[in-house]
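Participant: Structural data only, the sequence is not supplied:
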C-alpha cells in the first residue's frame, strides 16, 4: 500500500469516527469546557481543596474536636486527592499526603476502627494515596480496612455492615472499588457489585429514586445523592463483562432519567426531590451533577439533556459558593425519621464537608 493510499485510508477511518462520535463530543465541548469567568472546575476545585487542606479535623459542625476522623472528612480528602492529581497540582497533593502522615504519626487515635460503613470509608483515603504514590504502607492500611469490612459476611455474601440505608450505596462501594483500583484483585469489585445489586433490588422505587430507608418513604436529596455517586464510581471501574454490570447500569440509568424531571430552573435539586416547595440543597445537587458528568463522559448517558443538566448543576453550585470556597445550603447531618417535617426543617450549613466533598468530585469528573 502506498503512503498516499494509507493516508487516505487513515483519514477515512478518522472521519467515520468523528461522524459517529460528533454529537456526544460536541455536547461535551459545549457543556463542559466553555465556562463563565471564575467558574471553571480547575478554579473552583482548587478553592475547595485549599480550603480543606488548611482546615482542622471537623466534627459535624460541633466546636469540639472529633473522637475520630468522620466520614464527611474522609470523602472530602479522597475528592481533594483526586482533584490534585487530575489538575497536576503536585504541591497540593504533597500537602494532602502530609496531612495524612501527620495524622498517623501524631494523632493515631483519630484513625477510625472499621466497625460500620461510616468509619470504614476512611480506607478510601490511604488507598487513593497508594494509587498516586505506590508506597506500600498506604496500601497495607487501606487493604486491611477493606478486608475487615467483609470479615464474617452474611449468608448471602453481603458485608455484615449492610443495613439497607441508601447512604451505604456509596460508603460500602467506594472502599471496595478503591481496593480494586489499588490492587486489581477482582474480589473487591465483586463485593461492591454484589452489594450494589442487592441494594438496587431492595430499595429502588418504580420512579427510579430511593426512599431513605424501607420504613422512611421520603426521597431525601442527599440520600439519593449517595446512591447516584456510588453507582457512578462503581460503573467507572466495573469490567464491561462483569455479570452484574447490566443490572447496575439499568438502575443507574433509571435514576438519572428520573432526576432530569426534578431539577429546578436554577440547576439545583431540592431537599426532598419530589417537593418543589422544599429548599434547593447543595450536597445532593453536587452528587447528582457528579453522577451525570461521569455518565456523559463515559458514554452511558447519550441524550444531550444530561450534559445540559450537568452544566446547569455545576453553575448552580458555583452560584452557592462563598468567596472563601464554601458551599451554602448544605443539609446538616441527617438520621432517618418517618416525618416529612424532619427533612423539610433540617439546618442549612455553609462549608459543611457533606457538600465540599461532592463539589470536589464534580471538579475532578470535569477534568477527568
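Facilitator: All right, it came through fine. Nothing here was measured: the structure is a model prediction, and the numbers come from that model.
Participant: Is residue 56 in a helix, a strand, or coil?
Facilitator: coil (DSSP: H, G, I helix; E, B strand; the rest coil).
Participant: List the residues that contact the residue nearest to it when sequence neighbours are not counted.
Facilitator: Nearest residue to residue 56, sequence neighbours excluded (Cβ to Cβ, 6 or more residues apart in numbering): residue 65, at 7.5 Å. (Glycine included, C-beta is placed from N, CA and C.) Residue 65 makes contact with 56, 57, 59, according to Cβ atoms under 8 Å, 6 or more residues apart in numbering.
Participant: now residue 327
Facilitator: 282, 283, 286, 317, 320, 321, 350, 351, 352, 355, 356, 359.
Participant: could you flag which of those are buried?
Facilitator: Buried members of the contacts of residue 327, scored by 16 or more other Cβ atoms under 10 Å, are 282, 283, 286, 317, 320, 321, 351, 352, 355, 356, 359.
Participant: what about the fourth one, which helix or strand?
Facilitator: Spelled out, it's residue 317. Using DSSP states H and E, residue 317 sits within helix 304-319.
Participant: Of all the residues in that helix, which ones are buried?
Facilitator: By 16+ other Cβ under 10 Å, the buried positions in helix 304-319 come out as 304, 306-314, 316-318.
Participant: Format these as JSON lines; extra columns: pLDDT.
Facilitator: Output for the buried residues of helix 304-319, formatted as JSON lines (pLDDT from 0 to 100):
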{"residue": "304", "pLDDT": "96"}
{"residue": "306", "pLDDT": "98"}
{"residue": "307", "pLDDT": "98"}
{"residue": "308", "pLDDT": "98"}
{"residue": "309", "pLDDT": "98"}
{"residue": "310", "pLDDT": "98"}
{"residue": "311", "pLDDT": "98"}
{"residue": "312", "pLDDT": "98"}
{"residue": "313", "pLDDT": "98"}
{"residue": "314", "pLDDT": "98"}
{"residue": "316", "pLDDT": "98"}
{"residue": "317", "pLDDT": "98"}
{"residue": "318", "pLDDT": "98"}
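Participant: which residue packs closest to the residue nearest to the spatial centre of the chain, ignoring adjacent ones?
Facilitator: Nearest to the geometric centre of the chain sits residue 229, at 4.0 Å (Cα atoms, centre = their mean). Leaving aside its chain neighbours, residue 229 sits nearest to residue 287 (4.7 Å; criterion: Cβ to Cβ, 6+ apart).
Participant: rewinding a little: which of the helices or strands spans the residue nearest to the centre of the chain?
Facilitator: With DSSP H and E as criterion, residue 229 is part of helix 221-237.
Participant: circling back to that earlier point, rounded mean pLDDT for the strand or helix carrying the residue nearest to residue 229, please.
Facilitator: Residue 287 belongs to helix 282-297 when assigned by DSSP H and E. Averaging pLDDT along helix 282-297 yields 98.
Participant: Name the helix or strand of the chain that has the lowest mean pLDDT.
Facilitator: The helix or strand of the chain with the poorest confidence is helix 3-33; it has a mean of 55 (mean pLDDT, DSSP states H and E).
Participant: now residue 110: how far from residue 119?
Facilitator: Separation of residue 110 from residue 119 (Cβ to Cβ, to the nearest Å): 11 Å.
Participant: Could you do residue 356 as well?
Facilitator: 20 Å.
Participant: circling back: from the contact counts, what lies against the helix holding residue 287?
Facilitator: The contact analysis (3 or more Cβ pairs under 8 Å, 6 or more residues apart in numbering; DSSP states H and E) places helix 282-297 against helix 3-33, helix 221-237, helix 245-262, strand 269-270, helix 304-319, strand 330-331, helix 353-367.
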